[in-house]
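**Q** below are the sequence and a predicted model; questions follow.
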Amino acid sequence: MNAPLEILKAGWLVARIERDDLTALGRLDVLYQTAENWQELLSVLTHESELCEDANESISYQYRIAELYEKHLEDVPRSVELYREILAREPSHAPTLQALEGLKSGKVEPLGAASVLEPVYEANGEWPKLISVLEVQARFSDDPMTKVDILHRVARLYEDSLRDPHAAFDVYARALAADNGNEETLGSLERLASICDRECSCCSGSLNCSARCGGWLRPASVPPMMPV
């Protein structure tokens, strides 16, 4: 919906007369939102942010600017950088964290969002959320060595921080699929095999045979399938 032209003109005149008046800028803020004039709204929000002396209100203006870039100005990379700046000032800012979670799970800039969220979740000890971030990084990694390193981090988080050796085992198995010669992966699978009651699904043989053939996928209690 477009605001009447005369209202916009009136708002513009108010802003020119009271250029550094937050109240006047606030009126213009509302007018440009109503008119969906995003570029002019960006200018007003930027000015409001610069004039605001309250730290919390300043962050609120910066968040609105970042949201504007994301949702209306089609510049998601810029919005991610602005979200990063907000979290540098206020790591617990809930709207920013929620916005980045949405991007992390979406199709535009998921890696950028994940890179911003990673240090926040790690510092706060939010291990499931950190794992979700690392999984995004692993999914989009084109380099096998990098992918394996990330999966190792995920596996260690499951084992050491979440006390879930079964989940850790499964992640190491995924790392083995990416690089079946990695010694850390093989050693971890061997170490966790007895804890998780796993054996080789293709050999049903020794630990060394099982790890190196990549068959650590079947619980030991499940008999192997007979060949047809």
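**A** Everything's here; your move. Numbers count the residues shown, from 1 in each chain.
**Q** pLDDT weak spots in this protein?
**A** Within the chain, the stretches with pLDDT under 70 are 1-20, 199-228.
**Q** show me where it has its strands.
**A** Ranges of strands in the chain, per DSSP state E, are 198-199, 218-219.
**Q** what's the burial count for Thr46?
**A** 14 (other CB atoms under 10 Å). C-beta: built from backbone N, CA, C; applies to glycine.
**Q** let me know whether it touches Arg64 as I believe.
**A** No. With contact defined as CB atoms under 8 Å, Thr46 does not count as touching Arg64 (10.1 Å).
**Q** in this protein, which spans are helices?
**A** Counting by DSSP state H, one finds helices in the chain at the ranges 5-17, 22-35, 38-51, 55-71, 76-89, 94-104, 110-124, 127-139, 144-156, 165-178, 183-196, 207-213.
**Q** pull out the buried positions in the fifth one.
**A** Going back to what we said before, that points to helix 76-89. 76, 78-80, 82-84, 86-87 (16 or more other CB atoms under 10 Å).
**Q** is it possible to export those residues to TSV including distance to Leu134?
**A** Listed next are the buried residues of helix 76-89 as TSV, based on distance: CB to CB, whole Å:
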residue	distance to Leu134
Val76	21
Arg78	25
Ser79	22
Val80	18
Leu82	24
Tyr83	19
Arg84	18
Ile86	22
Leu87	18
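**Q** closest one to Leu28 out of these, please.
**A** Leu82 (21.2 Å; CB to CB).
**Q** distance-wise, check Met145 relative to Ser60.
**A** 42 Å (CB to CB, to the nearest Å).
**Q** more crowded one of those two?
**A** The residue with more neighbours, out of Met145 and Ser60, is Ser60; 18 against 11, by other CB under 10 Å.
**Q** Trp127 and Leu162 touch, don't they?
**A** Yes. Counting by CB under 8 Å, Trp127 touches Leu162, with 5.6 Å between them.
**Q** more neighbours, these two?
**A** Trp127 (17 against 13).
**Q** contacting residues for that one?
**A** 121, 157, 161-162 (CB atoms under 8 Å, 6 or more residues apart in numbering).
**Q** of these, keep whichever come out buried.
**A** Neighbour counting by 16+ other CB under 10 Å classes 121, 157 among the contacts of Trp127 as buried.
**Q** which among the contacts of Trp127 gets closest to Ala173?
**A** Each of the contacts of Trp127 was scored against Ala173 by CB to CB, and Leu157 proved nearest at 15.8 Å.
**Q** does that closest one touch Lys129 like I think?
**A** No. Judged on CB under 8 Å, Leu157 makes no contact with Lys129 at a distance of 10.7 Å.
**Q** in stretch 128-141, what's buried?
**A** In stretch 128-141, counting by 16+ other CB under 10 Å, buried: 129-138, 141.
**Q** typo on my end, stretch 105-120
**A** Neighbour counts over stretch 105-120 (16+ other CB under 10 Å) mark 109-118, 120 as buried.
**Q** ok, now stretch 142-152?
**A** 147-152.
**Q** how near is Ile86 to Val120?
**A** 11 Å.
**Q** no, scratch that, I was asking about Ala66
**A** 15 Å.
**Q** and which of the buried residues of stretch 105-120 is nearest Ser92?
**A** Looking across the buried residues of stretch 105-120 and measuring by CB to CB, the closest to Ser92 is Val120, at 8.5 Å.
**Q** isn't that closest one right next to Leu87, touching?
**A** Yes. Counting by CB under 8 Å, Val120 does reach Leu87; the two are 5.9 Å apart.
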